[in-house]
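1. I would like the atomic coordinates for the input below:
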Amino acid sequence: MTENPTRTDRATDERDIVMDLIIAVLSERPHLPNSLDATTTLLEIGMDSLDLIVVFARFEERWAVPYSEEETDWTVFETLGALADTLVARAHAAGRDLR
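-> Residues are numbered from 1 along each chain as shown. Presented below is the predicted three-dimensional model:
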């Protein structure tokens with residue numbers, strides 16, 4: 001018998017999927033460090049609005065969740081985990097399944 005994942009498991013899975021995307025995108029940015037995780041602060045790695053636009057654009061390409069210029073203020077996200085949580089919430093609001 002197959003178990004149904006709980007809502008918490010699904011949220012964790014989706015957050016992990018989005019974190020993988022964020023880390024993959026940021027690893028391509030030459031000025032950012034390679035060692036990144038959900039607790040990494042945007043300030044400590046020197047992430048700026050252009051880096052955030054690249055993340056949003058890749059997220060939009062993959063899951064068809066558009067973003068607006070107003071959303072590219074990197075200062076509203078303390079950590080990469082907070083960014084991932086926001087992207088998951090935006091996907092849900094747009095009716096997208098991230099898995």
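2. and stretch 89-96, what's buried?
-> Going by neighbour count (16 or more other CB atoms under 10 Å), the buried part of stretch 89-96 is 90-91. Yep, even glycine has a C-beta here, placed from its N, CA and C like the rest.
3. identify the residues contacting that stretch?
-> Residues outside stretch 89-96 that contact it (CB atoms under 8 Å, 6 or more residues apart in numbering): 14, 18, 63-67, 97-98.
4. run the chain-centre distance for it.
-> The chain centre lies 13 Å from the centre of stretch 89-96; the measure is CA atoms, centre = their mean, to the nearest Å.
5. stretch 20-33 too?
-> That offset, for stretch 20-33, works out to 11 Å (CA atoms, centre = their mean).
6. where does this protein have low pLDDT?
-> Segments of the chain classed as low confidence (criterion: pLDDT under 70) are 1-8, 10-11.
7. how far out from the middle of the chain is the lengthiest helix in it?
-> For the chain, the longest helix by residue count, based on DSSP state H, is helix 7-27. Here helix 7-27 is found 7 Å from its chain centre; the criterion is CA atoms, centre = their mean.
8. hey, C-alpha coordinates of it in CSV?
-> The C-alpha coordinates for helix 7-27 follow below in CSV (Å, rounded to 0.1, in the frame of the first residue of the first chain):
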residue,chain,number,x,y,z
ARG,A,7,1.0,18.3,3.4
THR,A,8,4.2,19.0,5.3
ASP,A,9,6.1,16.4,3.2
ARG,A,10,4.8,18.0,0.0
ALA,A,11,5.8,21.5,1.2
THR,A,12,9.2,20.3,2.1
ASP,A,13,9.6,18.5,-1.2
GLU,A,14,8.5,21.6,-3.1
ARG,A,15,10.8,23.8,-1.1
ASP,A,16,13.7,21.4,-1.8
ILE,A,17,12.9,21.5,-5.5
VAL,A,18,12.9,25.3,-5.6
MET,A,19,16.1,25.5,-3.5
ASP,A,20,17.8,23.2,-6.0
LEU,A,21,16.8,25.6,-8.8
ILE,A,22,18.0,28.6,-6.8
ILE,A,23,21.4,27.0,-6.0
ALA,A,24,21.8,25.8,-9.6
VAL,A,25,21.1,29.3,-11.0
LEU,A,26,23.3,31.1,-8.4
SER,A,27,26.2,28.6,-9.0
